[in-house]
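# make a model of this:
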Amino acid sequence: MNKYLLIVVVLLAIIVASIDAKKERKQRKSQLNTDEIAVKSATDTAAANEVVKQDQCLKLKCDAGKECVIDTESGKAKCQCISTCADNTDVRRRVCSNHNTTWQSDCHLYKHRCDCIEGQKSSDCDDKHKHMHIDYYGECQELPECRKEVLEDFPRRMREWLDHIISKKVETSGTGDDGSDHSKKWIDAIIWKFCDLDKQPHDRQVSRHELFPLRAPLLSMESCISDFLNGCDPNDDHKITLVEWGECLGATDAEMVDKCNKFHSIKEN
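Here you go, the predicted structure:
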């Protein structure tokens, strides 16, 4: 009898232990689910915050040397000086400033300018750094002088270059659709480039600042680019009109028809 009773007690102990183990597993699983939900919630919140940041920053245009961040107090997007620029060892990405100083990259140059303007502590900040900009791409070097014969031939080479570019970008108005002289299709090319340089608000004038994307990449290779562009502004008002641009490249006033709306719509599509 005692033998049977012992067996029953052992079986009951096993059953109780099994039930306890099952409860413990269930509790652990429940805790894991709770932790997973908490982690997922935190992840979703972080992702949502990142989406909000991206949405706000899409609507905010920051100047060179600045980046969009979300203000911790107001929760709104704002522009502030770039915190860090990636180290650059590629000499092709280096830039030369208007003070003849080589910088690792455009990011480094504009970040330094921003820091100086915003009053960040730096041992080499002075007034000239507050107005610093990229003069041309590549390391600073002694640039060759612009020779007279090269300057005289510059408009022709510029026309041919722009004609080559536009032939790949937009459809020009050749003799097929408006009866224009196919030999004059370069006219569309130079009008297109003027419209491309004329950024928002598209006031049909190209400022010295808006000439930068054309001038900076070419200066180290084309010694006459600066003299050529200066000649396109005969009244020295620091703005080039469509007609002035055309005269500079050998087109008549009548040939310089405003087609910027057409070219901008093609670019957007």
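
# which SSE is the closest residue to residue 259 other than its chain neighbours in?
In space, residue 259 comes closest to residue 191 once its chain neighbours are excluded; the distance is 5.3 Å by CB to CB, 6 or more residues apart in numbering. Backbone N, C-alpha and C define where each C-beta goes, glycine included. Element membership of residue 191 [criterion: DSSP states H and E] is helix 186-197.

# in the stretch 101-250 of the chain, which spans are strands?
With DSSP state E, counting those that start in this stretch as the criterion, the stretch 101-250 of the chain has strands at 102-103, 134-137, 205-207, 239-241.

# dump these into CSV; add mean neighbour count and mean pLDDT as well.
Formatted as CSV, those follow (neighbours: other CB atoms under 10 Å; pLDDT from 0 to 100):
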stretch, mean neighbour count, mean pLDDT
strand 102-103, 18, 95
strand 134-137, 20, 92
strand 205-207, 20, 94
strand 239-241, 19, 95
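
# would TSV of these with distance to residue 126 be doable?
As requested, the strands of the stretch 101-250 of the chain are exported to TSV (distance: least, CB to CB, whole Å):
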stretch	distance to residue 126
strand 102-103	16
strand 134-137	18
strand 205-207	26
strand 239-241	29
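
# so for residue 124, which of the ones you listed sits nearest?
With CB to CB as the measure, strand 102-103 is the member of those nearest residue 124 (12.0 Å).

# residues contacting the closest one, please?
Residues outside strand 102-103 that contact it (CB atoms under 8 Å, 6 or more residues apart in numbering): 94, 95, 96, 97, 109, 112, 139, 140.

# in a markdown table, list those along with pLDDT and neighbour count.
Output for the contacts of strand 102-103, formatted as a markdown table (pLDDT from 0 to 100; neighbours: other CB atoms under 10 Å):
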| residue | pLDDT | neighbour count |
| --- | --- | --- |
| 94 | 94 | 19 |
| 95 | 94 | 24 |
| 96 | 95 | 22 |
| 97 | 93 | 19 |
| 109 | 95 | 24 |
| 112 | 93 | 23 |
| 139 | 93 | 13 |
| 140 | 94 | 17 |
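
# tell me which of the strands of the stretch 101-250 of the chain sits nearest to residue 63.
It is, among the strands of the stretch 101-250 of the chain and with distance given as CB to CB, strand 134-137, at 13.7 Å.

# output the contacting helices and strands for that closest one.
Using 3 or more CB pairs under 8 Å, 6 or more residues apart in numbering; DSSP states H and E as the contact test, the elements touching strand 134-137 are strand 95-97, helix 212-218.

# how far away from the center of its chain is the shortest one?
For strand 95-97, the gap between its own C-alpha mean and the chain's C-alpha mean amounts to 18 Å (CA atoms, centre = their mean, to the nearest Å).

# follow-up on the earlier one: quick one, which of the strands of the stretch 101-250 of the chain is nearest to residue 83?
When the strands of the stretch 101-250 of the chain are compared (using CB to CB), the closest one is strand 102-103, at 17.2 Å.

# off-centre distance for the closest one?
Worked out by CA atoms, centre = their mean, strand 102-103 lies 20 Å from the chain centre.

# next SSE downstream of the helix or strand encompassing residue 26?
Using DSSP H and E, residue 26 sits within helix 2-58. Sequence-wise, the next helix or strand beyond helix 2-58 is strand 66-70, with elements assigned using DSSP H and E.

# what average pLDDT does that next one get?
The average pLDDT for strand 66-70 rounds to 93.

# that one pairs with which strands, and in what direction?
Next to strand 66-70 in the sheet, as set by DSSP bridges, lie strand 77-81 (antiparallel).

# any idea how far the strand it pairs with is from the middle of the chain?
Counting by CA atoms, centre = their mean, strand 77-81 comes out at 15 Å from the chain centroid.

# and what of stretch 94-114?
16 Å.

# and the helices and strands packed on strand 134-137, which is most packed in?
strand 95-97 (a mean of 22; mean count of other CB atoms under 10 Å).

# can you tell me what sits against that strand?
102-103, 105-106, 109, 132-141, 220.

# cutoff 6 Å now
Identification of contacts with strand 95-97 by CB atoms under 6 Å, 6 or more residues apart in numbering yields 102, 103, 106, 109, 132, 134, 135, 136, 137, 140.
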